[in-house]
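>>> Task: produce atomic coordinates for the following.
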Amino acid sequence: MKIICPNSKRHCRFVTTAHEVHTWVVSQTGDFVKDLRCIDVSHLPEKGDLFTCKTCGAEVKVED
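From the prediction side, this is the model:
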């Protein structure tokens, strides 16, 4: 995958989402108390996701 900013090829940092799996401490009713740490990533960034240039905010093109 190649991510390219439409405004400048010099822009080389991008913002997108990933889905993490965390270990939590919860109460007796299952309410969140504390996040212990990330233990896995269930969805890595991929071509179909939205990517935004961190430098200029433009929606970017993703190529194979």
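
>>> how near is the residue positioned nearest the centre of the chain to Asp40?
Geometric centre of the chain, nearest residue: Thr17, 2.3 Å, by C-alpha atoms, centre = their mean. Thr17 sits 15 Å away from Asp40 when distances are taken as C-beta to C-beta, to the nearest Å. C-betas here are computed from N, CA, C, even on glycine.

>>> before we move on, the earlier item: pull the contacting residues for the residue nearest to the centre of the chain.
43, 45, 49-50 (C-beta atoms under 8 Å, 6 or more residues apart in numbering).

>>> how about the CA coordinates for stretch 15-32, as CSV?
This file holds the C-alpha atoms of stretch 15-32, laid out as CSV (Å, rounded to 0.1, in the frame of the first residue of the first chain):
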residue,chain,number,x,y,z
VAL,A,15,-3.8,9.9,10.3
THR,A,16,-6.2,6.8,10.1
THR,A,17,-7.8,4.4,12.6
ALA,A,18,-6.8,1.1,14.0
HIS,A,19,-8.8,-1.1,16.4
GLU,A,20,-7.1,-2.2,19.6
VAL,A,21,-7.9,-4.9,22.1
HIS,A,22,-7.3,-3.8,25.7
THR,A,23,-7.2,-5.5,29.0
TRP,A,24,-9.4,-3.7,31.5
VAL,A,25,-10.1,-3.8,35.2
VAL,A,26,-13.9,-3.7,35.8
SER,A,27,-16.2,-3.5,38.8
GLN,A,28,-18.5,-6.2,40.0
THR,A,29,-21.2,-4.8,37.6
GLY,A,30,-18.8,-4.8,34.6
ASP,A,31,-18.2,-1.0,34.6
PHE,A,32,-14.8,0.2,33.4
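
>>> How many residues are close by the residue lying closest to Lys54 once chain neighbours are set aside?
Of all residues not flanking Lys54 in the chain, Arg13 sits nearest, at 4.1 Å (C-beta to C-beta, 6 or more residues apart in numbering). Arg13 has 9 neighbours, counted by other C-beta atoms under 10 Å.
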